[in-house]
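> Everything below, folded, please.
(chains A and B)
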Amino acid sequence: DGGITQSPKYLFRKEGQNVTLSCEQNLNHDAMYWYRQDPGQGLRLIYYSQIVNDFQKGDIAEGYSVSREKKESFPLTVTSAQKNPTAFYLCASRGGYGYTFGSGTRLTVV
Amino acid sequence: GQQVMQIPQYQHVQEGEDFTTYCNSSTTLSNIQWYKQRPGGHPVFLIQLVKSGEVKKQKRLTFQFGEAKKNSSLHITATQTTDVGTYFCAGWDSGYALNFGKGTSLLVTP
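Numbering: from 1, shown residues only, chains lettered A, B, ... in the order given. Model (predicted):
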């Protein structure tokens, strides 16, 4: 079945660590996105990529980095510069009208 | 930039009652999309509205797009416990990524 796979489902990060969240899709979609969800805040755009080897900052890109070396993959790195990283991270892709979302990664700073 | 606002933030209804959530944009939208996120889950695409004044139905759900293409609503007739979740509207921000409202969380008690 086609879809988006995010891993891990839960991730714990120590202060000062960088962590990388995986996002893989087999939908053959060009556009991919990363959103952050906090309680009561909706979804806020971190980065997006419309094509391989190209990506753009979203509204809250500070403290995050991405790469898009393959069409199928769009990993997100949460760096130590992100001061409040505890959140639910959602990856999405778009092939037609709407987004297809992965099941998310819940990141907690310990 | 574009802002998408939703009201109410929360709604608690008895099973069988109707429910409506409203979405307003600070700018004219080319189209608007609606998503549903079940508790603990990820957003799932419901529908896209494109035309001014458009009305679409999906079983007990009725979606409307305003005449000025700056507002939209989702109405659920005779809610069921399966309708529980958060409903998001979203519009395109600069044509590259969706800008989501903060969502309306619906709780249905039997």
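> Quick check: mean pLDDT of stretch A:30-46?
If you average the pLDDT over stretch A:30-46, you get 94.
> let me fix that: stretch B:90-101
Mean pLDDT, stretch B:90-101: 86.
> List the buried residues in that stretch.
B:90-93, B:97-101 (16 or more other CB atoms under 10 Å in any protein chain shown). The C-beta positions use only the backbone N, C-alpha and C, and glycine is treated the same way.
> for residue 23, what are its contacts?
Unless you meant another one, I'm taking chain A. Applying CB atoms under 8 Å, 6 or more residues apart in numbering or on different chains, we find residue A:23 in contact with A:4-6, A:32, A:34, A:73-76, A:91, A:102.
> Hmm, no, I was thinking of chain B.
B:4-6, B:32, B:71-74, B:89, B:101.
> and what of residue A:28?
The contact partners of residue A:28, by CB under 8 Å, 6+ apart, come to A:71, A:95.
> before we move on, the earlier item: from the contacts of residue A:23, which single one is nearest residue A:61?
Checking the contacts of residue A:23 against residue A:61 with CB to CB, the nearest one is residue A:34 at 9.3 Å.
> Just grab the bridge partners of that closest one for me.
Beta-bridge partners for residue A:34, by DSSP bridges, are residue A:47, residue A:91.
> and it, how many neighbours?
Neighbours of residue A:34 under the rule other CB atoms under 10 Å in any protein chain shown: 26.
> Please apply the same query to residue A:105.
Residue A:105: 22 neighbours (other CB under 10 Å).
> Would you check that it makes contact with residue A:10?
Yes: the criterion here is CB atoms under 8 Å, and residue A:105 meets it with residue A:10 at 7.4 Å.
> thinking again about what came up before, filtering the contacts of residue B:23 by proximity to chain A, which remain?
Checking these against chain A by CB under 8 Å from any CB of the partner chain, the ones in range are residue B:101.
> so how far is residue A:33 from the closest residue to chain B within chain A?
As assessed by CB to the nearest CB, chain B sits closest to residue A:98 within chain A, at 3.1 Å. Here residue A:98 is placed at a distance of 12 Å from residue A:33 (CB to CB, to the nearest Å).
> Now do stretch B:91-102: distance from first to last residue.
One end of stretch B:91-102 to the other measures 12 Å (CA to CA, to the nearest Å).
> quick one, what contacts the residue in chain B that chain A sits nearest to?
Of all residues in chain B, residue B:45 sits closest to chain A, at 3.1 Å by CB to the nearest CB. Contacts for residue B:45 (CB under 8 Å, 6+ apart) come out as A:97-100, B:33-35.
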